[in-house]
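*Asks:* give me the fold of what follows.
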Amino acid sequence: MKTLLIIEDDQSYSKVLATSLARKGFRIIVHNSGSQALDFIEQGNPTDLVILDLKLPDMDGLSLMEQIKKRLDVPVVINSGYSQYKSDFISWLADAYIDKSADLEELNLIINKLLIG
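*Replies:* Next comes the predicted model:
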C-alpha cells in the first residue's frame, strides 16, 4: 500500500483529500503544518508521494518543498489555490502543480501517473 503525505493547513480540505484518497487504497498521513511534516519525514516514516499546500501557518510551502526534496526522493505535488507561485523557479522542483479544487479528478490522475507510470 502506497503512503501519501498530505501537508495542508485547511483541516476541512485535508479531510476531503484524505477520505477520497483512502477510498482509492492509499495509506494517508495528514499534517497541518510544515514543522509537523518535517518531523514525520525526519523520523524515517515511509512516504511515497507528498501533496503540498503552499500557504502553511509556520513556513513557506516552497521552502518546505526544498527541504523535502533534500530528504526524500519522492514525487511532490503542489496543490494550491495560489496560481501566482507557478512562475516561481522553486515551484519547478515539484513533479506537478495543480490548482486546489473540490474536484479531485486531476489530482487523482497525477497521483496515478507519478506512482504507477
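*Asks:* identify the residue nearest Asp95 in space, chain neighbours excluded?
*Replies:* Distances taken as Cβ to Cβ, 6 or more residues apart in numbering put Pro75 closest to Asp95, at 4.0 Å, once the chain neighbours are dropped. For every residue, glycine as well, the C-beta is placed using N, CA and C.
*Asks:* and the one you found, how many neighbours?
*Replies:* Neighbour count for Pro75, taken as other Cβ atoms under 10 Å: 17.
*Asks:* same check on Met1?
*Replies:* For Met1, the neighbour count with other Cβ under 10 Å is 7.
*Asks:* with the one 4 residues further on instead?
*Replies:* With neighbours defined by other Cβ under 10 Å, the count for Leu5 comes to 24.
*Asks:* what lines up beside the helix or strand containing it in the sheet?
*Replies:* When secondary structure is defined using DSSP states H and E, the element that contains Leu5 is strand 3-7. Paired with strand 3-7 in the same sheet, following DSSP bridges, are strand 27-31 (parallel), strand 49-52 (parallel).
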